[in-house]
Each structure stands twice: as C-alpha cells, then as structure tokens.
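Engineer: have a look; sequence and predicted model below, questions after that.
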Amino acid sequence: TNWDSACSTIAASSGKWYFEMKFLALYNSLRRAAIGLVDARDQTLLATNEFGYIVTGAVGDCVGYNGNGSNNVKKNDSAQYSGTNWNVNDIICMAADLDNGAVYFRVNDSAWENSGNPESGASKTGAVTITVGEDSGFGGTAYGNPTDWQFNYGAPSFSISSGNADANGHGNFEYAVPSGYFSLCT
C-alpha cells in the first residue's frame, strides 16, 4: 500500500539511453506506476517514493511519467505536461539524452509525448529538461499490490514481437530505438 521504486544497476552521467517498461497490472482500477530517472545520489531516498517527486534530502533531478491522471509527467514535484494514460500491456518508452539534458516518453509506438523529438539534440524539442552531468539511475515506481511492470534495458523480461537493436547492434526492444540512442549495458 505504499510507493516503492526500483532503479537500474547501471547509472550514467553522459550519453543517450533508451529503455522500455511494460505495464502489467492496475491497482484498484488505477495506473499507479511511473517510469523515469533520478540522480543516483538520491536513489536510496526514492525507494519509498515516486519518480517525478522531490524526496526530503534529495540533491538532484527526479523525472517521472505516471500512467494515471493529468499533468502526469513531473520533474521535482513540478508538472511538465499531461501524457497519455496507459493501459495494461502498454509499453512505455523512455529516451534519456544526458549530453543535452533532455528526457522523452512515448506509449507503444505512438508519437513522442509533448511533440517530443529525441533526435533534436541541443534544442530539446518537447523534452523534460534535466541538469547535465548528474549520474542518473533509471527505473520505475509501483503503488500497491497487484501493480506490476517489467523493464527492458536491452534484454527483455517480457516477450516482444519485433526485435529492434540500437545502432551498435545491442539490445532487443519492441520498438525502434531513436537514432543515436543505445541500450543500457556495459
């Protein structure tokens, strides 16, 4: 009955990264989950909170896209824009441009939210802006049982039908990886 978050075991301070989250289950008919990034120094503080909100004692940026409601894309407690509400089995995609300080979201293979363009570089078209140079961890939040999701950083834990790799041939994603973005791997 609480917010609980989990982050990737790999953080990054530069580069362009892509991953997907499959949303599997509702909580009392609500989409009580989020996908996002957090300054790695704040990961343990975020453990019992939600991506997109400031946690007491936090020092860096926290961005999240919650699948429920309006103004559901947030950065440090501040609404950025209203994204599409998710449905069970939707795959939510995130592209994080840590070089230019920009985060983009989309649901399934639809257009990027907020007319975003992950390939826009320094202009950050439609992005949630973040501080450049922070080490960011990537992950998600869930509230209540049976809220459930699965992440794909390049080795899917859920079955996919298409199979898309990044430009280096790494990863196996349901949807096409934006040009210049890569799977989170060593």
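Structural biologist: Yep, that arrived.

Engineer: C-alpha only now, for contacts and for neighbours.
Structural biologist: Will do.

Engineer: what distance do you get for the residue nearest the centre of the chain to residue 91?
Structural biologist: Residue closest to the average C-alpha location in the chain (C-alpha atoms, centre = their mean): residue 36, at 3.3 Å. Computed as C-alpha to C-alpha, to the nearest Å, the residue 36 to residue 91 distance reads 14 Å.

Engineer: okay, now the unreliable bits of the protein?
Structural biologist: In the predicted model of the chain, residues 1 satisfy pLDDT under 70.

Engineer: hmm, what's the outermost residue in it?
Structural biologist: Across the chain, with C-alpha atoms, centre = their mean, the residue at the greatest distance from the centre is residue 28 (22.9 Å).

Engineer: quick one, what contacts that residue?
Structural biologist: Neighbour list for residue 28: empty [criterion: C-alpha atoms under 8 Å, 6 or more residues apart in numbering].

Engineer: count of neighbours near residue 8?
Structural biologist: The tally of other residues near residue 8 (other C-alpha atoms under 10 Å) stands at 16.

Engineer: and it, what does it touch?
Structural biologist: Residues counted as contacts of residue 8 (C-alpha under 8 Å, 6+ apart) are 137, 138, 139.

Engineer: skip the chain neighbours and tell me the closest residue to it.
Structural biologist: What sits nearest to residue 8 in space, not counting adjacent residues and going by C-alpha to C-alpha, 6 or more residues apart in numbering, is residue 138, at 5.3 Å.

Engineer: got it, and residue 136?
Structural biologist: The shortest distance from residue 136 to any residue that is not its chain neighbour, by C-alpha to C-alpha, 6+ apart, is 4.5 Å, and that residue is residue 39.
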